[in-house]
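Asker: need a 3D model of the following:
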Amino acid sequence: MNGSLWRRHMGSSMWNMLAMSGAYLGLFTMAEVLYHVFKVNAESTRKLVHIGTGLLALLFPIIMNNHWQVLLLCSIFALLLLLSLRTGLLQSINGIRRKSYGSLGYPIAVYGSFLAYEYHDRQYVYYYLPVLVLAICDPLAAYIGRKYRFGLYRVGTGIKTISGSAAFFFAAILVTAGVYRYLGNFPTIGYFISVAALVATLATLAESWSSRGLDNVTIPAAVWVGLALAEHVLA
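Answerer: Residues are numbered from 1 along each chain as shown. Alright, predicted model coming up:
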């Protein structure tokens, strides 16, 4: 790569990183306005940020050239979130009654998914599936579990519901189908059912057994394990 192309490449990467930083700051600002001005409760604004963060992260494989850029961006926001926990800022995310480290786990999950994507020869499913399962299935399970408190069961120090876990499981199957369909490499029905059931089961177990927001890391990890097992055992 000659000098002019290298400078153009670096300039494009920097603009992409700045654009993504601005988008995330805009998301945090919107959540703060909803919380402080419109008095939306922190559980709702936190879920909004959770979903929005995951959807914005879908752009990473498209506009980020390598995992170092993703690491830099995720590290900046992890430090910002850690600072907010120490100083009491970002109450739209941190102003919940329970103790949770989920906001700190999210950047780790996104970076880990990008690493998995690069490690598996940039197969998009290794990035998009864990990010979307985390972004969609986790808040859906929390909503259903609180609204329809059916089948309470205790896991460690936490209390879960069968309704929430079932919502997570079936949503994970639908997300898996959507990802494969979108990527244009939908496998045979038998293989898909096996992959979807394996990924959904492992991710549901990870969500059920994790507490204090650690599911933001364990859910993507469970999806990676499910995909790797499917690739080596079912293929």
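
Asker: so for the lengthiest helix in the chain, mean pLDDT?
Answerer: Counting by DSSP state H, the longest helix found in the chain is helix 3-36. For helix 3-36, mean pLDDT is 80.

Asker: what ranges do the strands span in this protein?
Answerer: Assigned by DSSP state E, the chain shows strands spanning 152-155, 158-161.

Asker: tell me which of those sits most buried.
Answerer: Using mean count of other C-beta atoms under 10 Å, the stretch among the strands of the chain with the greatest mean number of neighbours is strand 158-161 (a mean of 16). C-beta coordinates here come from the backbone N, C-alpha and C atoms, glycine included.

Asker: who does it touch, helix- and strand-wise?
Answerer: helix 138-147, strand 152-155 (3 or more C-beta pairs under 8 Å, 6 or more residues apart in numbering; DSSP states H and E).

Asker: with mean pLDDT as extra columns, can I get these in CSV?
Answerer: Formatted as CSV, those follow (pLDDT from 0 to 100):
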stretch, mean pLDDT
helix 138-147, 91
strand 152-155, 80
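
Asker: show me where pLDDT drops low in the chain?
Answerer: In the predicted model, the chain carries pLDDT under 70 at residues 1-11, 102, 156-157, 184, 186, 235.

Asker: how is it partitioned into domains?
Answerer: 1-103, 120-235 (automatic domain parsing).

Asker: what's the most buried one of those?
Answerer: Greatest average neighbour count among those goes to domain 120-235 (a mean of 18), per mean count of other C-beta under 10 Å.

Asker: circling back to that earlier point, closest to residue 232 out of the strands of the chain?
Answerer: Of all those, it is strand 152-155 that lies closest to residue 232, at 29.1 Å by C-beta to C-beta.

Asker: for that closest one, which outside residues touch it?
Answerer: 159-162, 208-209, 211 (C-beta atoms under 8 Å, 6 or more residues apart in numbering).

Asker: select, from these, the two members most distant in space.
Answerer: 162 and 211 (17.5 Å).

Asker: residues in contact with the nearest residue to residue 30 once chain neighbours are set aside?
Answerer: Leaving aside its chain neighbours, residue 30 sits nearest to residue 48 (7.8 Å; criterion: C-beta to C-beta, 6 or more residues apart in numbering). Contacts of residue 48 were listed using C-beta under 8 Å, 6+ apart, and they are 30-31, 34.
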